[in-house]
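Chemist: no FASTA, just this:
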């Protein structure tokens, strides 16, 4: 995200439409043009209706509440991501981009008219409780979410740290509603995590694109390259990454590309049309990459995956991404509220629109744990040391004392996609060595 300040006002532009973790980047927006003469008649009808409601409704009404409802209704009729932000919500939005905000840790959107989870954020109440990408939130407390806007849903799910809330979820393949009793918390997102999978093979996970994500990724790469074996291959994990700052998606892509178009946006106005290019300085291009994605990968993460895929910089593996390809501009208003309006669509370097389509992986692979994917192995009798008479008993070891290698084995055993990614990188290295021998 970058802020554009002009005469004390800030204009922001978002690339991801979920509400519990707003994400932004900026551009200058021209002044709103005058209302065309042919629309005066409709405006007159609106003011007449407003006057009739104020005078005749069964209870006293507050004009400000009526106008706010009318604004919400107008924006909601456009698309799920356009919205009116009250001063409190606008303030929360600005805090969210820094990776710290209060709530449950769920990125949500409206899909087919239903409040839907894009992705739970790692290490949050929702993530720990087992909320999954694609879950449909049908009730918040005792109120059904049908016809509820994103903003209204956020108001209900936000709250003080330690307060409790119950949400009812419909999950594909499960007949009954799932009720989750959650305790709100301050959500602090660690944008980047990294580790070595094996000597020479690194792993970088981006949970969300925040203000310093590119710097954190660069530090992770430097650390991995300084370890024994350097970097012979890299897994970039964008699964369940709901997006973030457009500028950060561009900068992270730029880390792995030397030149060429990364992404471009198109809108009705000239100042909504932008092209973002890679530069050679500071690029990491000496090793192959596998990019992991799934249905919870959205917006900024789709920009990165699409750019690396179009430039053939890396193999994309996993399942089709969410398909959020529109850009929202944040227009601050005089009363410290703001308007969040969809103003453009973004496209991959080859001109693919991700909106409602998503990124289709080069290798489509479901996230099935290895022990489940190898069902045939369970049918075969296996003789192990533990089956032999009088074998030595295993010395008990506390979980916290488990060596790092064994902890990684546990992760790989339950992540078939990550295991497959590592196999691909190691195979690439083997073939590369064979080619070098022949030459």
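Modeler: Right, received. Where do you want to start? From a predicted model like this one, the values you see are computed outputs, not experimental measurements.

Chemist: quick one: what helix or strand has residue 225 in it?
Modeler: For residue 225, the host element (DSSP states H and E) is helix 213-226.

Chemist: hmm, who's touching that helix?
Modeler: Helix 213-226 is contacted from outside by 191-192, 194, 196, 202, 204, 206, 230-231, 234, 244-245, 248, 251-252, 254-255, 282, 284, using CB atoms under 8 Å, 6 or more residues apart in numbering. (Each C-beta comes from the backbone N, C-alpha and C, glycine too.)

Chemist: List only buried entries from those.
Modeler: Using 16 or more other CB atoms under 10 Å as the burial test, the contacts of helix 213-226 include 191-192, 194, 196, 202, 204, 206, 231, 234, 244-245, 248, 251-252, 254-255, 284 as buried.

Chemist: among those residues, which are in helices?
Modeler: Among the buried ones among the contacts of helix 213-226, the residues falling in helices (DSSP state H) are 248, 251, 252, 254, 255.

Chemist: In the stretch 101-250 of the chain, mark out all the strands, start to finish.
Modeler: 106-111, 114-120, 136-140, 143-144, 164-170, 178-183, 185-188, 192-198, 201-206, 233-237 (DSSP state E, counting those that start in this stretch).

Chemist: next one: the stretch 301-439 of the chain
Modeler: When assigned using DSSP E, counting those that start in this stretch, the strands of the stretch 301-439 of the chain occupy the ranges 315-318, 326-332, 338-347, 363-364.

Chemist: Show me where the chain dips below the pLDDT cut-off.
Modeler: 1-35, 95-102, 369-412, 438-439 (pLDDT under 70).

Chemist: tell me the centre residue of it?
Modeler: residue 242 (0.7 Å; CA atoms, centre = their mean).

Chemist: So which bits of the helix holding residue 225 are buried?
Modeler: 213, 214, 216, 217, 218, 220, 221, 224.

Chemist: What about residue 424, how many residues nearby?
Modeler: Using other CB atoms under 10 Å, residue 424 is surrounded by 18 other residues.

Chemist: and it, how far is that from residue 197?
Modeler: Distance, residue 424 to residue 197, by CB to CB, to the nearest Å: 12 Å.

Chemist: got it, and residue 162?
Modeler: 38 Å.

Chemist: One more: residue 116?
Modeler: In terms of CB to CB, residue 116 sits 33 Å off from residue 197.

Chemist: Repeat that for residue 304.
Modeler: For residue 304, the distance to residue 197 - CB to CB - is 20 Å.

Chemist: Check residue 152 too.
Modeler: Separation of residue 152 from residue 197 (CB to CB) stands at 43 Å.

Chemist: Of these two, which one has the most company?
Modeler: residue 197 (21 against 18).

Chemist: wait, isn't that one in contact with residue 235?
Modeler: Yes. Under the criterion of CB atoms under 8 Å, residue 197 makes contact with residue 235 at 6.9 Å.

Chemist: Can you check which residues contact both of these two?
Modeler: Joint contacts of residue 197 and residue 235 (CB under 8 Å, 6+ apart) are 203, 418, 422.

Chemist: I'd like the residues you listed laid out as TSV, including neighbour count and distance to residue 131.
Modeler: Formatted as TSV, these follow (neighbours: other CB atoms under 10 Å; distance: CB to CB, whole Å):
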residue	neighbour count	distance to residue 131
203	24	24
418	24	21
422	19	28
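
Chemist: Can you tell me which of the residues you listed lies closest to residue 108?
Modeler: Taking CB to CB as the measure, residue 108 lies nearest residue 418 of the shared contacts of residue 197 and residue 235, at 26.3 Å.

Chemist: Now do the contacts for the closest residue to residue 335 other than its chain neighbours.
Modeler: Using CB to CB, 6 or more residues apart in numbering and skipping the chain neighbours, the partner closest in space to residue 335 is residue 87 (6.8 Å). Applying CB under 8 Å, 6+ apart to residue 87 gives the contacts 335, 336, 337.

Chemist: same thing with residue 261?
Modeler: With CB under 8 Å, 6+ apart, residue 261 has these contacts: 275, 276, 277, 278, 349.

Chemist: let's see it at 10 Å
Modeler: 275, 276, 277, 278, 307, 310, 311, 347, 348, 349, 350, 351 (CB atoms under 10 Å, 6 or more residues apart in numbering).

Chemist: Of all pairs in those residues, which one is the farthest apart?
Modeler: 278 and 351 (16.7 Å).

Chemist: These two: which has the busier surroundings?
Modeler: Between residue 278 and residue 351, residue 278 has the larger neighbour count (other CB under 10 Å), namely 22 against 9.

Chemist: do you know how far the residue nearest to the more buried one when sequence neighbours are not counted is from residue 361?
Modeler: Distances taken as CB to CB, 6+ apart place residue 257 nearest to residue 278, at 3.8 Å, with adjacent residues excluded. From residue 257 across to residue 361, the span is 19 Å (CB to CB).

Chemist: from what I can see residue 83 touches residue 77, true?
Modeler: No. Contact criterion CB atoms under 10 Å: residue 83 and residue 77 do not qualify, at 11.7 Å.

Chemist: Between the two, tell me which one has more neighbours.
Modeler: Per other CB under 10 Å, whichever of residue 83 and residue 77 has more neighbours is residue 83, with 26 against 8.

Chemist: bridging residues for the more buried one?
Modeler: residue 340 (DSSP bridges).

Chemist: Now do the contacts for it.
Modeler: Per CB under 10 Å, 6+ apart, neighbours of residue 83: 17, 19, 71-72, 75-76, 89, 149-152, 154, 328, 338-342.

Chemist: likewise residue 252?
Modeler: 192, 204, 206, 209, 213-214, 216-218, 236, 238, 244-245, 262, 300-301, 303-304, 307-308.

Chemist: Nearest spatial neighbour of residue 282, chain-adjacent residues omitted?
Modeler: Spatial nearest neighbour of residue 282, chain neighbours left out: residue 255 (6.9 Å); criterion: CB to CB, 6+ apart.

Chemist: Quick check: that neighbour touching residue 278?
Modeler: Yes. With contact defined as CB under 10 Å, residue 255 counts as touching residue 278 (9.0 Å).

Chemist: Just give me the neighbour total for residue 339.
Modeler: 18.

Chemist: How many residues are close by residue 281?
Modeler: Residue 281 has 7 neighbours, counted by other CB under 10 Å.

Chemist: Distance check, it against residue 356.
Modeler: Noted for residue 281: a distance of 36 Å to residue 356, by CB to CB.

Chemist: What of residue 142?
Modeler: Residue 142 is 33 Å from residue 356, by CB to CB.

Chemist: of these two, who's got more company?
Modeler: The residue with more neighbours, out of residue 142 and residue 356, is residue 356; 11 against 7, by other CB under 10 Å.
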